[in-house]
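Chemist: Quick check, what structure comes out for this input:
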Amino acid sequence: MNKWYNEAIFYHIYPFGLLGVDKENKGMIAEHRVEELLKWLPHLQELSVSAIYIGPLFESNTHGYDTRDYKLVDKRIGDNQDFKEYVRQCHAVGIKVVVDGVFNHTGRDFFAFRDLRERKEASKYKDWYR
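Modeler: Take a look at the predicted model:
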């Protein structure tokens, strides 16, 4: 591992809890709550935090580990542009961002799982799940 990672001071953020999002994602429009995370940057700097470990934050049905789309920030938090700006501002104050990508967890509405439910053994994703 590189030296930076070994010496980094990480702070974990569970955005659904910190931002007080609804327990269930009902497909509403983006709520743009990522901006609330920016208020924490001065505090994190005071703690000498050099990296944020954030997640889950991908589009999911409930708690975040039931992902339905790994390419979208969960609407209860904001949108991809909101998160891009958040990362930019973190980097501007010297804080790196690591995203908790739990790629071995998906929700029932993830495209591959839906295909498996519909096609059963004929699904090309049948070996993705046990």
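
Chemist: The longest helix anywhere in the chain - what's its average pLDDT?
Modeler: Scanning the chain for the helix with the most residues, using DSSP state H, yields helix 80-92. Throughout helix 80-92, pLDDT has a mean value of 97.

Chemist: Tell me how far that helix lies from the chain's centre.
Modeler: 13 Å (Cα atoms, centre = their mean, to the nearest Å).

Chemist: now swap in stretch 103-121 and tell me
Modeler: 19 Å.

Chemist: try stretch 82-97
Modeler: With Cα atoms, centre = their mean, you get 14 Å for stretch 82-97.

Chemist: And the contacts of that stretch?
Modeler: 4, 8, 30, 32, 34-35, 37-38, 41, 44-45, 49-52, 54, 57, 73, 77 (Cβ atoms under 8 Å, 6 or more residues apart in numbering). Yep, even glycine has a C-beta here, placed from its N, CA and C like the rest.

Chemist: Please check those residues and keep the buried ones.
Modeler: Among the contacts of stretch 82-97, the ones that count as buried by 16 or more other Cβ atoms under 10 Å are 8, 30, 34, 37, 41, 44, 49-52, 54, 57, 73, 77.
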